[in-house]
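**Student:** I'll drop the sequence and a predicted model, then ask my questions.
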Amino acid sequence: MSHLEELIKQRKSVRSYNSEFKMDKEEILELLSLASEAPSSSNLQPWRFIVIHNKELQKEIRALGFNQAQIEDSSAIVAVIGDIEAYKNVEKIYSLNVEKGYMDQSIADRTIKQTLNAYPSMPKEALMQIAAYDAGSIAMQFMLLAKERGYDTITMGGFDKAAFAKRFDLPDNHFPITLIAIGKAAAPAFNTTRLPIETLTTYID
């Protein structure tokens, strides 16, 4: 079994954390930076983050998360936020691609034009769906990277998103997607079963 396969099997949703353990800010930011290698629609990277690394604030946020203990007891909470105006960064992103030699100017210009022709006219619901889909990719990479370094995580979609957005004064183009608790487990997670993939897959050859 490969190292990646082992990580995938070892990662569990941990709900009980050592409240005395505190991660370094630098390591959390490093994990997010590595996780940001995740793919995204047109490479627009519509994810934003609020890292809550303060026990008093974590206790406050726990009340918005239906009193889930891991929100307060984990070392930190990473709130994954979607940006429905991520397309506004397309010129910056693709100019950097050219500068670094990843693509030539003509490809960048074409992609910028296509993006600015398509995204601004999309319905808000479609832009939110794209951002949420892409956020799932970076969240999964973050959790696997955390597990590789000996940390535990759980992702939580069950919280009062409207109240969270108000508490952190999110702009209209930002919306909360999920909260990820990270830290050291105080008790092991439950093992869980998976439905046989054959019952979920239509295979056409």
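**Tutor:** That came through, no problem.

**Student:** Residue 155 versus the residue minimising distance to the centre of the chain, what's the distance?
**Tutor:** Residue closest to the average C-alpha location in the chain (CA atoms, centre = their mean): residue 139, at 3.2 Å. Taking CB to CB, to the nearest Å as the measure, residue 139 falls 6 Å from residue 155. Where C-beta positions appear, they are placed from N, C-alpha and C, glycine not excepted.

**Student:** hey, what's in contact with both of the two?
**Tutor:** Listed as contacting both residue 139 and residue 155 by CB atoms under 8 Å, 6 or more residues apart in numbering are 178, 180.

**Student:** hang on, the earlier thing: spell out the secondary structure type for the residue nearest to the centre of the chain.
**Tutor:** Look at residue 139: counting by DSSP: H, G, I helix; E, B strand; the rest coil, its state is helix.

**Student:** I'd guessed it sits against residue 82; true?
**Tutor:** No - contact between residue 139 and residue 82 fails when scored by CB atoms under 8 Å: they sit 11.3 Å apart.

**Student:** re earlier: need the contact list for the residue nearest to the centre of the chain.
**Tutor:** Neighbours of residue 139 in contact, by CB under 8 Å, 6+ apart: 35, 80, 155, 178, 180.

**Student:** which among those residues end up buried?
**Tutor:** Neighbour-count burial (16 or more other CB atoms under 10 Å) applied to the contacts of residue 139 gives 35, 80, 155, 178, 180.

**Student:** Right, I'll leave it there.
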